[in-house]
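*Asks:* The following comprises the amino acid sequence and a computationally predicted model.
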Amino acid sequence: MASAGGDVTRRLQQELMGIMMGADPGASAFPNDDNLFEWTATLCGSEDTAYEGLTYKLKLVFPDTYPYKAPLITFETPCFHPNVDEHGNICLDILKEKWSSAFSVSTILQSLRSLLADPNNESPLNTEAAQLWADQDKYRQVCKQKYQEGAGEA
Amino acid sequence: MSEEKDTTAPPTAADAASSTGEAAAADSSVDLAKQNEQTVEQQNAINATIKATQPKVGAKEEVDALLPEYEGNPKPGFRKGVQDLGKRYSALRRVRGDGNCFYRSFLFGYLERLLQGIKSVGDANTKAMLELSRLRQVVHDSKAALIALGYEEVALDDFWQTFLQELDALPNMEMGQLEINFREEAGPCEYIVWYCRMLTSGFLKLNADRFLPFLEHTVDMQDFCQREVEPMGKECEQIQIMGLCEHLNTPVKIEYLDGQDFSGQLGSITLPDTGAEAMVTLLYRPGHYDVLYPMTNQ
């Protein structure tokens, strides 16, 4: 039987293969340099949402206990969103108390895209974004503005 | 998200000004991070203690070994219950209390019973081999069923294959090897334990209409399974036990040592209750399961 470490590597390689073959236009992910345990993902905002046309970079760090433990995922591109804080930390149940080995990088990326379109405004990390959500025109404006400011910083 | 709700500042009118809003958001995020850190640290400390002091699967011991735990316990049902169990069960095997104890106890008890049968001769051997091949078929077919329910193959595959490999290795295994395998930290048997959670989840989802009425606060089986079944370390209620044992069609008998007084024998239940003989007997004590060995099963 392969060691646990070997299994994690195999699992991540399989997931990477799946993502590359799946070619999802809305989300992609690839390991950084030669480190299979640290990936950079790119998420495109869905059409007809405030995030349409915006592209976000995220950092995924896999623990050596993956997939028993969830990867640590943070936004690298500043993201104005009720469930993302100013450091890029994300509040999403499947990355916390609902995490199980049944999830994969590709399901996480899908869930993050859904989260962008459909925030959980009941427990916001960014209260400003949560309050503004009801006014979608204004929200769209602020979202674009913050995105451009963020792009300027980067 | 319920645990995070308490620490996150609710939106107030004062937050309407954007500068105040940002400050509040930053505060709540720091609080949240701090709280998460503390919870994780506490949990890690507890887990480390459990890991250091309790093997995943202990050695067989006499049922009476439980008596000292209930010395001076105000509920006489405990000591009386242990004494009753001592008359009907030859041994007990403690299993680590890490939230996976039902799945691990059940699986270990089941595979050990099969292995015992396989090591015997005559009818007992034939019966065990037939049962093993039946179990293998159920496990084999389960992956396709789970994929049909929307699970990803890449997430299931390692776990499913490991389960089949362990079942295939069982006939050539020495009795002690099963214990060794189950004790290995992050070893193959952990894969099987998690896959049992998926078998449970799959069965509950396929039979959601029947099981939902048992769940008081939930109307969404998908959500229930993600929250209460699939994550490792999530403890098990009766509904998960029904899900797993019905899926495998393997009855389990559970002796309830909960401190309640009783007359005659300690209360017990067999799930699913089809009248068939239980393949595994477990001891339930509030929040925990261990394996029991009936006198006749020696």
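*Replies:* Received, thanks. Numbering: from 1, shown residues only, chains lettered A, B, ... in the order given.
*Asks:* residue contacts, the residue in the stretch 151-298 of chain B that chain A sits nearest to?
*Replies:* Closest contact between the stretch 151-298 of chain B and chain A, by CB to the nearest CB, is at B:E230 (3.6 Å). For glycine as for every other residue, the C-beta is placed from the backbone atoms N, C-alpha and C. Residues counted as contacts of B:E230 (CB atoms under 8 Å, 6 or more residues apart in numbering or on different chains) are A:K98, A:S100, A:S101, A:A102, B:R197, B:M198, B:S201.
*Asks:* Find the nearest non-adjacent residue to it, please.
*Replies:* A:S100 (3.6 Å; CB to CB, 6 or more residues apart in numbering or on different chains).
*Asks:* and that neighbour, what helix or strand is that in?
*Replies:* A:S100 is located outside every helix and strand, with elements delineated by DSSP states H and E.
*Asks:* where's it relative to A:T107, distance?
*Replies:* In this view, A:S100 and A:T107 are 11 Å apart by CB to CB, to the nearest Å.
*Asks:* If you count surrounding residues, which of those two has more?
*Replies:* A:S100 (23 against 17; other CB atoms under 10 Å in any protein chain shown).
*Asks:* Was I right to think that one contacts B:P231?
*Replies:* Yes. With contact defined as CB atoms under 8 Å, A:S100 reaches B:P231; the gap is 4.4 Å.
*Asks:* residues in contact with the spatially most central residue of chain A?
*Replies:* In chain A, the C-alpha nearest the mean C-alpha coordinate belongs to A:L112, at 4.9 Å (CA atoms, centre = their mean). By CB under 8 Å, 6+ apart, the contact list for A:L112 reads A:A27, A:L43, A:L58, A:I73, A:I90, A:L92.
*Asks:* again, but for B:V95
*Replies:* Residues in contact with B:V95 (CB under 8 Å, 6+ apart) are B:K56, B:V57, B:G58, B:C101, B:R104, B:S105, B:F108, B:Y289, B:D290, B:V291.
*Asks:* cutoff 10 Å now
*Replies:* B:54-58, B:101-109, B:182, B:282-283, B:288-291 (CB atoms under 10 Å, 6 or more residues apart in numbering or on different chains).
*Asks:* Just the buried ones out of the residues you listed, please.
*Replies:* B:56-58, B:101-109, B:182, B:282-283, B:288-291 (16 or more other CB atoms under 10 Å in any protein chain shown).
*Asks:* picking that back up, and the residue of the stretch 151-298 of chain B closest to chain A, its phi and psi?
*Replies:* phi -70, psi -40 (degrees, to the nearest 10).
*Asks:* In the chain, where is pLDDT below threshold?
*Replies:* Just going to use chain A. A:1-6, A:152-154 (pLDDT under 70).
*Asks:* Hmm, no, I was thinking of chain B.
*Replies:* Residues of chain B that meet the cut-off, pLDDT under 70, sit at B:1-37, B:297-298.
*Asks:* what about A:E52, distance to B:C236?
*Replies:* A:E52 sits 44 Å away from B:C236, going by CB to CB.
*Asks:* could you pull out the helices for chain B?
*Replies:* Along chain B, the stretches classed as helices by DSSP state H are B:2-5, B:18-53, B:76-88, B:101-119, B:123-148, B:153-169, B:175-183, B:188-206, B:208-211, B:221-224, B:238-248.
*Asks:* Tell me the buried residues in stretch B:111-119?
*Replies:* By neighbour count on 16+ other CB under 10 Å, the buried set for stretch B:111-119 is B:L111, B:E112, B:R113, B:L114, B:L115, B:G117, B:I118.
*Asks:* Ignore what I typed, I meant stretch A:18-38.
*Replies:* Going by neighbour count (16+ other CB under 10 Å), the buried part of stretch A:18-38 is A:G18, A:I19, A:A27, A:S28, A:A29, A:P31, A:F37.
*Asks:* First-to-last residue distance for that stretch?
*Replies:* 17 Å (CA to CA, to the nearest Å).
*Asks:* The strand ranked longest in chain A packs against which elements?
*Replies:* Assignment by DSSP state E gives strand A:35-44 as the longest strand of chain A. In terms of contacts (3 or more CB pairs under 10 Å, 6 or more residues apart in numbering or on different chains; DSSP states H and E), strand A:35-44 is packed against helix A:4-22, strand A:27-32, strand A:55-61, strand A:72-75, helix A:105-117.
*Asks:* Correct me if wrong: A:D24 contacts A:Q110.
*Replies:* Yes. With contact defined as CB atoms under 10 Å, A:D24 reaches A:Q110; the gap is 8.0 Å.
*Asks:* How about exporting stretch A:118-132 as CSV, limited to the C-alpha atoms?
*Replies:* Listed next in CSV are the C-alpha coordinates belonging to stretch A:118-132 (Å, rounded to 0.1, in the frame of the first residue of the first chain):
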residue,chain,number,x,y,z
ASP,A,118,-25.0,34.3,-4.9
PRO,A,119,-23.4,35.5,-1.6
ASN,A,120,-24.4,34.4,1.9
ASN,A,121,-25.4,37.8,3.2
GLU,A,122,-26.4,36.5,6.6
SER,A,123,-22.8,36.0,7.9
PRO,A,124,-20.7,38.5,6.0
LEU,A,125,-17.0,39.1,6.4
ASN,A,126,-17.4,42.3,4.4
THR,A,127,-20.5,44.1,5.8
GLU,A,128,-20.2,47.0,3.3
ALA,A,129,-20.6,44.5,0.4
ALA,A,130,-23.4,42.7,2.1
GLN,A,131,-25.4,45.9,2.6
LEU,A,132,-24.8,47.1,-0.9
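*Asks:* that older thread, now do the shared contacts for A:S100 and A:T107.
*Replies:* Joint contacts of A:S100 and A:T107 (CB under 10 Å, 6+ apart) are A:I94, B:A155.
*Asks:* can you redo the helices and strands packed on strand A:35-44 as a markdown table with distance to B:D141?
*Replies:* Formatted as a markdown table, those follow (distance: least, CB to CB, whole Å):
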| stretch | distance to B:D141 |
| --- | --- |
| helix A:4-22 | 22 |
| strand A:27-32 | 32 |
| strand A:55-61 | 33 |
| strand A:72-75 | 34 |
| helix A:105-117 | 23 |
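*Asks:* The nearest residue to A:Q110 once chain neighbours are set aside: what's it in contact with?
*Replies:* Leaving aside its sequence neighbours, A:Q110 sits nearest to A:A27 (CB to CB, 6+ apart; 7.0 Å). If a contact means CB under 10 Å, 6+ apart, then A:A27 has A:19, A:41-44, A:56, A:58, A:105-106, A:108-110, A:112-113 as its contacts.
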